[in-house]
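Participant: Have a look at this prediction, sequence included:
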Number of protein chains: 2
Amino acid sequence: MKDLNTLGINAKEASYDLGIASTTEKNNALELMAQALLNNKEEIINENKKDLEVAVQKGTSKAMLDRLALNEERIEGMAKGLRDLISLDDPVGEVIEMWKRPNGLQIGKQRVAMGVVGIIYEARPNVTCDAAGLCLKTGNAVILRGGSEAINSNKAIVNILTEAVKEAGLPENSIQLVEDTSRETATKMMKLNEYIDVLIPRGGAGLIQAVVKNATVPIIETGVGNCHIYVDENCDFEMAKNIIVNAKVSRPSVCNAAEKMLINENIADEFLPLIVNALRENDVEIIGDDKVQAIINDVTAATEEDWSKEYLDYIIGAKIVKNLDDAITHINKYGSGHSEAIVTESYKNSQKFLNKVNAAAVYVNASTRFTDGAEFGFGAEIGISTQKLHARGPMGLKELTTIKYIIYGNGQIR
Amino acid sequence: MKDLNTLGINAKEASYDLGIASTTEKNNALELMAQALLNNKEEIINENKKDLEVAVQKGTSKAMLDRLALNEERIEGMAKGLRDLISLDDPVGEVIEMWKRPNGLQIGKQRVAMGVVGIIYEARPNVTCDAAGLCLKTGNAVILRGGSEAINSNKAIVNILTEAVKEAGLPENSIQLVEDTSRETATKMMKLNEYIDVLIPRGGAGLIQAVVKNATVPIIETGVGNCHIYVDENCDFEMAKNIIVNAKVSRPSVCNAAEKMLINENIADEFLPLIVNALRENDVEIIGDDKVQAIINDVTAATEEDWSKEYLDYIIGAKIVKNLDDAITHINKYGSGHSEAIVTESYKNSQKFLNKVNAAAVYVNASTRFTDGAEFGFGAEIGISTQKLHARGPMGLKELTTIKYIIYGNGQIR
C-alpha cells in the first residue's frame, strides 16, 4: 500500500505529461477505459460482493446498500459515462483571449489542466469512475479517496482503469486510489498542499463540512441546497403549482430540490389551498408559519431552524411573505446560495429577483431542478459548487481547468 | 470598537446594496473618496505620525519606517489610484455568455460581486486605500485588517473614506476596518465563513503561510516568486543579458524579479562570464552550482535550499543545465509557479517551454518583471495569485467578481 506522500509525488509527476497530452490521446484512453470496464464486469461485481457482505454484516441500511451495489447495468452505465466524455470539447489548450501591449508583448490567457485533483467521496463506487474520467479528459491526475465501505470495488475499478490508461500510452499514475481509508489519512490528504492543486468533496453535509474545516489545500465546496420558490402576487397559479410540485417531488433527495415555498400574502388565501392539495396528493408533508397554519389544517409549526434546513425528503416549509422584498430578504438570510426561483408575471419583479438574490442559479418561471450540468448543457458534471471562488453552480469540464498566461516577446525589458 | 462578528454582519448587509449599485454610483463614490483624502491630508499625516513615533520607539528598521510613512505625495498617490479606477470598465453585471436550451430555458452566465472580501495585510497604509477602492469598484464590501503598526493611519483613512461613501449614498459599512489588531482576532477572521466570501492576504511569506494554514474561508494565495530565466543554446546573448539584468536588478524586492538563471551547458563557457560581469557591475552576488564555480571565480556554492529560495535581494542563483528538458524539470521542481522565462531563437523550444512549464506566467524572450496588473493592461491589481483556483497571475477587477447563472423560463419543469 503506497503512502499518501508517494501518491502525491506520483500524481504530480504524471500530471506533467497528462496535462499536455493531446485530445486524441485522452479520448483514446477513455475508450480503452470503457472497454476495460465492460471486459471486466465479473471481477468488479465479485469485488463489489465483498464490500456488500461486510456492509450487510455491519447492518447497513437498505438505501446505503443500494448506493454501494454494482451490477452489470451499473457498470455499463459507468462505461457509457466515459464514452460520453469523448464527444465533449476538450477545454485544455484553448486560448480564451490574446492581446498585444503597447510594448509589443503578446499576452495570451490559456486554459490549462489544474495539475492534481483530489476527490473525497463516500459509498458510491461509480463516483470512482466518473471522477477518473472527468479528470482524465481535462488532463488532470487524480487522487481518489472513496469510503471504506467500497474499498474492494474501488480498488478493482482503479486497477482496471489504470491498465487501460497505460495501454493508451498515458502515465499510469494518472489515476490513483488512497487504499488506506482511515480518517487520519483523509485529514492528511486535506493538507497535502505540496501535491494537490484542488480538493473536491462529494457527499453529505458532514463530509463537506469536515473538508471545509480541515483542508489547507484549496477546495471547492459542493452540494447543500436549501432552495426556495417564491410565488409572486401576479402570476399564473397553474404554472406556480406545477413548478413547486416538480421542484419538490420529482427527486426530493437531490440538492436542487425545493425545500421551501414563499407565498405572497395577497394570494395566499387562494393559492395556498391549491398548492397544499397538490403536494399532499404527492405525500408531501407541510411545515408552516402561523399564517400558513391559519389557512391550512394539519400543518406542523415551523421552528427557526426549519428555515435553514435541507430536508432532502417529502417535506416542504411554507411561509407567507408580505411582498417581493420580504421574500428576497428571507432567501438571502436562510438560503444556501444554491438555486432560487420566482414565479411571476411582473417584469419588474422578475428583474429585481434576478438582481438581488444571492445564489448560484436564479430562476424566473422555471423549476430549480434544472441546476445540473447536463440540464445546463455542459455534458458532464463534477458537482455543484455553492462557493463563489473559481466555480459557482454546476461544474463542467472547464471548471476542472485553470489558466496560464503565455507571453510572446522579442527582448522586452521593463 | 466593534467585534468581528458585528463587522461581518454589517459587511454582509452592505454587500447586498453595494453589489447592485450602478457603475455611475460607484464611480461617484470613488471621486468623493479621492477628494476626501485630499481634503484631509493633514489629519492623515498627523495620525500617521503617531504610528511612526511608536515604530521609532520600538526600534523599527529604516526600510519598515519608509513603508509605514505617509506624506502629501503619497496621499496624492492614493487619491490618484482611486481616480484611476473610475475610468476602468466595471465588470459587474456583464453577461459573459447566454444560451438557449432545447426546452426553451435561456441560461446566462453573469459576472456579479463576490459579496464580502477580507484583506489581511501588513504595515503599508496605502494598501488600505487601494484595497478599499478596488472592492468598491467591484461592488464588494470589504473588511480590512492591517498591521498594528499602521492602526492610527488606517483608522483615519477608513473614517475619511467611509464618510465619502455615505455622502455618495452607498452603504457606510461598505468599507470597515478591524481595529483590534491582535493575532487572535486575525485568526478568527480567517474562519469567518458565515460572512466573508474570500480572503486575500497581502504581505510577506510568513503572513501568507499563516493564512493558508489557518483559514477555512476560501482564500487566494498571493505573492511568492522564485522566478527563473533559462538561457537556451540558440539565443541572442545580448538579449539574454539584458533580460536577466532587468529581471534581477530593476527591482529586486518584488515577486516578479528573477531569482535564478539556468544556462545551457553548450553556451556556458561563453555566456556565463558575460552575464556575471554585467550582474556584478550592478552589485549582484552570484550563487552557483559546481559547474558555474568551475567557470567563474568567487561564486558562493549553492545549497539544495538555495534552489527554492526567494532572495528578494541583489543575489542570483546560477545553474548550468544539460538542455531544455533539464531546465523545465528544474523549474517545475523548485519554482513557485509565478513567472518563468526562456530566451531562445528556437521555435520548437519556445513552444515546448510555454507548454510544459507549470507557472502563472510563462515568457519567451521577455523579462519576468512584466507579471503585473498594469503591465498586463488590467489597469489595477489586487495582487498576483500563485494558486490555480479562481485566479492565477495578476488579479484585476474581474478576479474580484464571481458569476451567477440567471435563467429565464416560461414554466419549464423537469
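Facilitator: Noted; the coordinates are in hand.
Participant: Shouldn't A:Phe378 be within a strand?
Facilitator: No - going by DSSP: H, G, I helix; E, B strand; the rest coil, the assignment for A:Phe378 is coil, not a strand.
Participant: Distance-wise, check whatever residue of the stretch 101-250 of chain A ends up closest to chain B relative to A:Gly335.
Facilitator: In the stretch 101-250 of chain A, the residue that lies nearest chain B is A:Asn246 (3.6 Å; Cβ to the nearest Cβ). Placement of C-beta: from N, CA and C, glycine included. Using Cβ to Cβ, to the nearest Å, we find A:Asn246 at a distance of 19 Å from A:Gly335.
Participant: Can you get me a residue count around the residue of the stretch 101-250 of chain A closest to chain B?
Facilitator: Neighbourhood size, A:Asn246 [other Cβ atoms under 10 Å in any protein chain shown]: 22.
Participant: Over to the one 5 residues further on?
Facilitator: Using other Cβ under 10 Å, A:Arg251 has 13 neighbouring residues.
Participant: Next one: the spatially closest residue to it that is not a sequence neighbour, what pLDDT does it get?
Facilitator: Of all residues not flanking A:Arg251 in the chain, A:Ala257 sits nearest, at 6.2 Å (Cβ to Cβ, 6 or more residues apart in numbering or on different chains). Per-residue confidence (pLDDT) for A:Ala257: 97.
Participant: thinking A:Ala257 is in contact with A:Gly225, fair?
Facilitator: Yes - between A:Ala257 and A:Gly225 there is a contact under Cβ atoms under 8 Å: 7.0 Å.
Participant: re the thing from before, any idea how far A:Lys109 is from the residue nearest to A:Arg251?
Facilitator: Using Cβ to Cβ, A:Ala257 is found at 37 Å from A:Lys109.
Participant: next one: A:Ala210
Facilitator: Taking Cβ to Cβ, one finds A:Ala210 at 35 Å from A:Lys109.
Participant: Now A:Tyr311. Nearest residue, chain neighbours left out?
Facilitator: Nearest to A:Tyr311 is A:Glu259, by Cβ to Cβ, 6+ apart, at 5.5 Å.
Participant: where's that neighbour, which helix or strand?
Facilitator: Using DSSP states H and E, A:Glu259 sits in strand A:258-264.
Participant: okay, now A:Val211: neighbour count?
Facilitator: 26.
Participant: Which residue ranges of the stretch 101-250 of chain A form helices?
Facilitator: Assigned by DSSP state H, counting those that start in this stretch, the stretch 101-250 of chain A shows helices spanning A:126-137, A:151-167, A:183-189, A:205-214, A:237-249.
Participant: Please work out the average pLDDT along the first one.
Facilitator: Per-region confidence: helix A:126-137 scores 96 on mean pLDDT.
Participant: Residues contacting that helix, please?
Facilitator: For helix A:126-137, the external contacting residues (Cβ atoms under 8 Å, 6 or more residues apart in numbering or on different chains) are A:18, A:26-27, A:29-30, A:33, A:37, A:70, A:74, A:77-78, A:81-82, A:85, A:88, A:90, A:117, A:119, A:121, A:141-142, A:144, A:146, A:150, A:153-154, A:157-158, A:161, A:165, A:170, A:174-175, A:177, A:202, A:380, A:382, A:397, A:400.
Participant: Equivalent analysis for the second one, please.
Facilitator: For helix A:151-167, the surrounding residues in contact (Cβ under 8 Å, 6+ apart) are A:29, A:32-33, A:35-37, A:40, A:43-44, A:46-48, A:50-51, A:68, A:70, A:78, A:125, A:128-129, A:132, A:136, A:144, A:146, A:171-172, A:174-177, A:179, A:181.
Participant: I'd say A:Thr371 and A:Gly337 touch.
Facilitator: No - contact criterion Cβ under 8 Å: A:Thr371 and A:Gly337 do not qualify, at 11.4 Å.
Participant: Need the overlap of contacts for the two.
Facilitator: Residues touching both A:Thr371 and A:Gly337 (Cβ under 8 Å, 6+ apart): A:Ala360.
Participant: returning to that earlier point: now for A:Ala257 and A:Gly225: what residues contact both?
Facilitator: Applying Cβ under 8 Å, 6+ apart, one finds that A:Ala257 and A:Gly225 are jointly contacted by A:Thr368.
Participant: Within range of chain B, give me the residues from the stretch 201-350 of chain A.
Facilitator: Within reach of chain B by Cβ under 8 Å from any Cβ of the partner chain, the stretch 201-350 of chain A has these residues: A:212-213, A:216, A:218-221, A:236, A:239, A:242-243, A:246-247, A:250, A:332.
Participant: on that earlier part again, now do the residue nearest to A:Tyr311 against B:Glu221, distance only.
Facilitator: Distance, A:Glu259 to B:Glu221, by Cβ to Cβ: 35 Å.
Participant: now A:Glu25
Facilitator: The spacing between A:Glu25 and B:Glu221, counted by Cβ to Cβ, is 32 Å.
Participant: Looking at the two, which one has more neighbours?
Facilitator: For A:Glu25 and B:Glu221, the more surrounded residue by other Cβ under 10 Å is B:Glu221, and the numbers stand at 23 against 16.
Participant: Now do the same contact list for that one.
Facilitator: A:Pro218, B:Pro201, B:Ile208, B:Val211, B:Val212, B:Ser385, B:Thr386, B:Gln387 are the contacts of B:Glu221 under Cβ under 8 Å, 6+ apart.
Participant: check contacts around A:Lys40.
Facilitator: For the record, residue A:40 is Asn, not Lys. With contact taken as Cβ under 8 Å, 6+ apart, A:Asn40 is in contact with A:Ala156, A:Ile160.
Participant: how is chain A carved up into domains?
Facilitator: What automatic domain parsing lists as the domains of chain A is A:4-221+A:391-408, A:227-374.
Participant: chain center to the shortest one, what's the gap?
Facilitator: On the basis of Cα atoms, centre = their mean, to the nearest Å, domain A:227-374 sits 22 Å off its chain's mean C-alpha point.
Participant: got it, and the first one?
Facilitator: If you compare the mean C-alpha spot of domain A:4-221+A:391-408 with that of the full chain, they lie 13 Å apart, counting by Cα atoms, centre = their mean.
Participant: what's the span of it from first residue to last?
Facilitator: 39 Å (Cα to Cα, to the nearest Å).
Participant: One more: the shortest one?
Facilitator: From its first residue to its last, domain A:227-374 covers 19 Å (Cα to Cα).
Participant: that older thread, of the contacts of B:Glu221, which is the nearest to B:Leu324?
Facilitator: When the contacts of B:Glu221 are ranked by distance to B:Leu324 (Cβ to Cβ), B:Thr386 comes first, at 23.6 Å.
Participant: OK, contacts around that closest one?
Facilitator: Here B:Thr386 is in contact with B:Glu221, B:Thr222, B:Gly223, B:Val224, B:Gly225, B:Ser336, B:Gly337, B:His338, B:Ala360, B:Arg392 (criterion: Cβ under 8 Å, 6+ apart).
Participant: go with 6 Å
Facilitator: Counting by Cβ atoms under 6 Å, 6 or more residues apart in numbering or on different chains, B:Thr386 touches B:Glu221, B:Ser336, B:Gly337, B:His338.
Participant: Around the closest residue in space to the first one that isn't next to it in sequence, count how many other residues there are.
Facilitator: Read that as B:Glu221. Excluding its sequence neighbours, the residue lying closest to B:Glu221 (Cβ to Cβ, 6+ apart) is B:Gln387, at 4.3 Å. Per other Cβ under 10 Å, the neighbour tally for B:Gln387 reads 22.
Participant: ok, A:Ala113 - contacts?
Facilitator: Contacts of A:Ala113 by Cβ under 6 Å, 6+ apart are A:Gly19, A:Val92, A:Thr138, A:Gly139, A:Asn140.
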